[in-house]
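A.B. asks: With the input below, show me the fold.
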Amino acid sequence: MFLTVCLNPTLQKTLRFSSIFPDTVNRAGSHKLFVSGKGINVTRVLTQLGKKAVHLTQLGGNFRQLFLSLCENDELCVEWIESNSQIRFCYTLLTANDNAVTELIEESDSVAHETEQLLMEKFNALLQTQRFSILIISGTKAAGFSDNVFPMMAEKAKEKGIRIILDFRGNDLLNCLKHEPDIIKPNLFEFASTFAPELIKDNDILINDEKTKEKIKSAVMDISQKYRCSVILTNGSRNIFAADKNDFYQIDVTPVKTVNSIGCGDAFTAGLASALEENMSASQPLNLKAAISEGIRCGALNAGLEKPGVIK
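C.D. replies: Below you'll find the predicted structure:
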């Protein structure tokens, strides 16, 4: 069973346009509302893969019941604590004339000061009463949480012998590494901004020469060996870089026709985690390449659908 955690719940509005013109009125041809956020997307894909997953988050404000109703419609198991923080909205703009996917993100409100303590009490209670095999923590945390919250979760999970997959960046990731997570899965840009910021230019990273590729490979291998974890770097429809302690892989990704790319990374995480759990159930060592292949399959299925974080 999986425990997924995301501390930045989201209501996702997806609007479809034939085209968008700046400085004028643009009317959407269609609009849909989905429950989302990285952890919800992971949970939904795991559920669609036939896995049992519990999602832990914080909720508050006027849209909490709407969020929970949408989760119920998707047959998601959600545990939550009161944060007195409004749930943020994010907006996906799909334009037919250029097949563009544009994401507009609201920053989260700050949670109440007692939220972190309530969250850790709920987290510890779940670990005591449920038998989880894998913990997946995804995405940024809302304002008001300390830098200790993700490392505390990683430490508690390790004490219980639970495998850990982390999908976030920056100080949150750096602070968790001492607990030796099993897999870290930021995308290439997030990894570079955390471990090799000199490679970032104009808010982007381009792997267009062997020198840059070698810098990434060196950083990936260093992190994998130092913290005894597997490292997987997705990069949209481009090649995946991965390391498993002493082995480095560059895995080809076949581009697919994209309807909506939002949630593809989360679908990848869910597919990867599902394969890892099946290895564990069969008492087999992790076949990283096979797990990545399942992640790629799920990410590609998500790309072909309008709803984020789904494979069907």
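A.B. asks: which residues are contacting stretch 12-23?
C.D. replies: 26-36, 89-98, 102, 260, 262, 306-308 (Cβ atoms under 8 Å, 6 or more residues apart in numbering). C-beta coordinates here come from the backbone N, C-alpha and C atoms, glycine included.
A.B. asks: Output that stretch in PDB with nothing but the alpha carbons.
C.D. replies: C-alpha atoms of stretch 12-23 as PDB (Å, rounded to 0.1, in the frame of the first residue of the first chain):
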ATOM      1  CA  GLN A  12      -7.200  22.700 -11.600                       C
ATOM      2  CA  LYS A  13      -9.200  24.700 -14.100                       C
ATOM      3  CA  THR A  14      -8.500  23.500 -17.700                       C
ATOM      4  CA  LEU A  15      -9.600  25.900 -20.400                       C
ATOM      5  CA  ARG A  16      -9.500  25.100 -24.100                       C
ATOM      6  CA  PHE A  17      -9.100  27.900 -26.800                       C
ATOM      7  CA  SER A  18      -8.700  27.800 -30.500                       C
ATOM      8  CA  SER A  19      -6.100  30.500 -30.100                       C
ATOM      9  CA  ILE A  20      -5.200  33.200 -27.500                       C
ATOM     10  CA  PHE A  21      -4.600  36.900 -28.400                       C
ATOM     11  CA  PRO A  22      -3.000  39.200 -25.800                       C
ATOM     12  CA  ASP A  23      -4.600  42.500 -24.700                       C
END
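A.B. asks: Just the buried positions in it, please.
C.D. replies: Q12, K13, T14, L15, R16, F17, I20 (16 or more other Cβ atoms under 10 Å).
A.B. asks: So, low pLDDT: which residues of the stretch 201-312 of the chain?
C.D. replies: 206-208, 282-283 (pLDDT under 70).
A.B. asks: which stretches of it form strands?
C.D. replies: 230-233, 240-244, 247-251 (DSSP state E, counting those that start in this stretch).
A.B. asks: from the contacts of stretch 12-23, which would you call buried?
C.D. replies: Taking 16+ other Cβ under 10 Å as the criterion, what is buried in those is F34, V35, S36, C90, T92, L93, L94, T95, N260, I262, K307, P308.
A.B. asks: From those, pick the one nearest Q128.
C.D. replies: Distance to Q128, by Cβ to Cβ, is smallest for V35 among the buried ones among the contacts of stretch 12-23, at 27.4 Å.
A.B. asks: How about the secondary structure of the closest one?
C.D. replies: strand (DSSP: H, G, I helix; E, B strand; the rest coil).
A.B. asks: if we can go back for a sec, and among the strands of the stretch 201-312 of the chain, the most buried is which?
C.D. replies: Across the strands of the stretch 201-312 of the chain, the average number of neighbours (mean count of other Cβ atoms under 10 Å) peaks for strand 230-233, which reaches a mean of 25.
A.B. asks: Just checking: what are the partner strands of it?
C.D. replies: strand 183-184 (parallel), strand 240-244 (antiparallel) (DSSP bridges).
A.B. asks: now it: how far from the chain's centre is it?
C.D. replies: Relative to its parent chain, strand 230-233 has a centroid offset of 13 Å by Cα atoms, centre = their mean, to the nearest Å.
A.B. asks: which residues are in contact with it?
C.D. replies: 182-188, 191, 216, 220, 223-224, 240-245, 272, 286, 288, 292, 295.
A.B. asks: Figure out the helix or strand that S193 lives in.
C.D. replies: helix 188-195 (DSSP states H and E).
A.B. asks: how about that helix: buried residues?
C.D. replies: L188, F189, E190, F191, A192, S193, T194, F195.
A.B. asks: Return the closest of those residues with respect to T47.
C.D. replies: For the buried residues of helix 188-195, the nearest to T47 is E190 (25.4 Å; Cβ to Cβ).
A.B. asks: With adjacent residues omitted, what lies nearest to that closest one?
C.D. replies: R169 (3.7 Å; Cβ to Cβ, 6 or more residues apart in numbering).
A.B. asks: quick one: the one you found from G265, how far?
C.D. replies: 12 Å (Cβ to Cβ, to the nearest Å).
A.B. asks: follow-up on the earlier one: CA atoms only for the helix holding S193 - export them in PDB, please.
C.D. replies: This file holds the C-alpha atoms of helix 188-195, laid out as PDB (Å, rounded to 0.1, in the frame of the first residue of the first chain):
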ATOM      1  CA  LEU A 188      16.200  17.800 -15.100                       C
ATOM      2  CA  PHE A 189      15.600  21.600 -14.500                       C
ATOM      3  CA  GLU A 190      14.700  21.000 -10.800                       C
ATOM      4  CA  PHE A 191      17.800  18.900 -10.300                       C
ATOM      5  CA  ALA A 192      20.100  21.400 -12.000                       C
ATOM      6  CA  SER A 193      18.600  24.300 -10.000                       C
ATOM      7  CA  THR A 194      19.300  22.400  -6.800                       C
ATOM      8  CA  PHE A 195      22.700  20.800  -7.500                       C
END
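A.B. asks: Lovely, talk soon.
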